[in-house]
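>>> From the sequence below, what's the structure:
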Amino acid sequence: MQHQALPRIVENFLRALPRITLYAVLLAVAAGMIFPMFWMLMIALHEQPQSYPTFVAMVFSLPSLNNFYETISSDAFGRYFLNSTVIAVVVTAGNIVCCFMAGYALARREFLGKQALFSSILIVLVIPPHVIMIPLYRMMVAFGWINTYAALIVPWLVSPFGIFLVRQYVLNLPKDVEDAARIDGAGEWYILFRIVFPLCTPILTVLGIYVFLANWNSFLFPFVFTNDEAHRTLPVGLAFYQGKQSIDWGHLMAGASISAVPILTMFAFFQKEIIQGLTAGALKE
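Residues are numbered from 1 along each chain as shown. A predicted model of the protein is given here:
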């Protein structure tokens, strides 16, 4: 009986080997993604992380929340966090509304210059944003918007990527629902925001998370457009923990850990919508 069971065990193992290999690879990839966050958290939980001889010694030492307490209790950090929150939320809301309306117009309406306008949007997609930094800075100076929220919000209220994304999604929506609403006497604004907008919720959720993440982590343009503490965002404020001679790793990683909480929370709550939106957006026109 034992001799008969052994080949069966080997056969079952060989049959499950591809799945075991797949799970092992996925676990290795997940560990590689989680380890930098774990490292950041460990540094944040120790007041003098540079004093430990090895990372393992620091992991098994007694943690402390002093870095988090000192970072949160500082007046500047609260201001940085508030600035990043206001800017990211306003820009995200603006992109959802503006990109939705523009994408819907390009998908459903016929007007003069439509193809040329859409082609220009595609061209803008391939231009690195850093190319427009100097012209945009001169424009902000001419408007008198340096050290104002307007410089950090207005230029980013519409995203060409968002317009393209919404357009491709709307093209795959059936027109029957809209035509039926028009037959019943519904106006265009009613159709736009009461019928089409709910149908676009998955892709708008993806767009909102993308825009929020990009603006929450934005460093270069807020750094260029602001030079006072009152308008600095969180990434710019964290950069000042790096001095010329040394880096305050404990407080820097504590601030970075706190700044990662909104993003992780958003992904945790909207992961289903993200997957649905990306899947739906992958459909062919």
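>>> my read: residue 182 touches residue 190, true?
No. The pair formed by residue 182 and residue 190 falls short of the contact definition of CB atoms under 8 Å, at 9.8 Å. The way it works is simple: take the backbone N, C-alpha and C, and place the C-beta from them, glycine included.
>>> Not counting sequence-adjacent ones, nearest residue to residue 235?
Using CB to CB, 6 or more residues apart in numbering and skipping residues adjacent in sequence, the residue nearest residue 235 is residue 219, 4.2 Å away.
>>> what's the distance between the one you found and residue 116?
34 Å (CB to CB, to the nearest Å).
>>> Now do stretch 24-42, average pLDDT.
Per-residue pLDDT over stretch 24-42 has a mean of 90.
>>> Can you give the contact residues for that stretch?
Applying CB atoms under 8 Å, 6 or more residues apart in numbering, the set of residues contacting stretch 24-42 from outside is 49, 55, 58-59, 63, 253, 256-257, 260.
>>> Got a ChimeraX select line for the buried ones in the residues you listed?
Paste this into ChimeraX to select the buried members of the contacts of stretch 24-42, with burial taken from 16 or more other CB atoms under 10 Å:
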select :49,58,253,256,257
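>>> Let's see which of the contacts of stretch 24-42 end up in helices.
Where the contacts of stretch 24-42 overlap with helices, as defined by DSSP state H, the overlap consists of 55, 58-59, 253, 256-257, 260.
>>> tell me the centre residue of this protein?
In the chain, the C-alpha closest to the average C-alpha coordinate belongs to residue 213, at a distance of 2.3 Å (CA atoms, centre = their mean).
>>> sorry, back to before: okay, residue 219 and residue 116: which has more neighbours?
Shown here are residue 219 and residue 116; by other CB atoms under 10 Å, residue 219 has more neighbours (13 against 9).
>>> to the chain's geometric centre, what's the distance from the host helix or strand of residue 9?
Residue 9 is part of helix 2-44 when elements are defined by DSSP states H and E. Taking the mean of its C-alpha atoms, helix 2-44 sits 30 Å from the chain's own mean (CA atoms, centre = their mean, to the nearest Å).
>>> picking that back up, ok, now how distant is the residue nearest to residue 235 from residue 237?
With distances taken as CB to CB, residue 219 is found 10 Å from residue 237.
>>> cool, residue 117 as well?
Applying CB to CB, one obtains 39 Å for the distance of residue 117 from residue 237.
>>> Alright, calling it a day.
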